[in-house]
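Participant: prediction below, plus the sequence it came from.
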Amino acid sequence: MLTINVAVLLAVVVVLRLRRRTQARSRLDEKFTVVIVLALGVLIAPTDFGQGILSVLTQIVQGISRSG
């Protein structure tokens, strides 16, 4: 349960940070946002939701590679 709560908190932080204007962000701020997004991905990956996202992305990539 702790993992899901931290993941939700990180998701909220990411949404709030991405809503800010691009001109107002420094390079350090952008790097910090990337680190937060990576941490969110690590927390979501082992959950059922994360596995569902992986499955959908895998199907999309396979469909694109077959059409090419």
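Facilitator: Cool, the structure landed.
Participant: CA atoms for contacts and neighbours, from now on please.
Facilitator: OK.
Participant: any buried residues in stretch 21-41, and which?
Facilitator: Within stretch 21-41, the residues that qualify as buried by neighbour count (16 or more other Cα atoms under 10 Å) are Thr33, Ile36, Val37, Leu40.
Participant: got the CA positions of that stretch in CSV?
Facilitator: The C-alpha coordinates for stretch 21-41 follow below in CSV (Å, rounded to 0.1, in the frame of the first residue of the first chain):
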residue,chain,number,x,y,z
ARG,A,21,5.2,27.6,-17.9
THR,A,22,8.2,26.4,-19.8
GLN,A,23,10.0,29.7,-19.7
ALA,A,24,9.9,29.7,-15.9
ARG,A,25,11.9,26.5,-15.6
SER,A,26,15.6,26.3,-15.1
ARG,A,27,17.8,23.4,-16.3
LEU,A,28,18.1,22.2,-12.7
ASP,A,29,14.3,22.3,-12.4
GLU,A,30,13.9,20.3,-15.6
LYS,A,31,16.4,17.7,-14.4
PHE,A,32,14.6,17.4,-11.1
THR,A,33,11.4,16.8,-12.9
VAL,A,34,13.0,14.0,-14.9
VAL,A,35,14.3,12.4,-11.7
ILE,A,36,10.8,12.5,-10.2
VAL,A,37,9.2,11.0,-13.3
LEU,A,38,11.8,8.2,-13.3
ALA,A,39,11.1,7.5,-9.7
LEU,A,40,7.4,7.4,-10.5
GLY,A,41,8.0,4.9,-13.2
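Participant: so for it, mean pLDDT?
Facilitator: Averaged across stretch 21-41, the pLDDT comes to 83.
Participant: which outside residues touch that stretch?
Facilitator: Ala7, Leu10, Ala11, Val14, Arg17 (Cα atoms under 8 Å, 6 or more residues apart in numbering).
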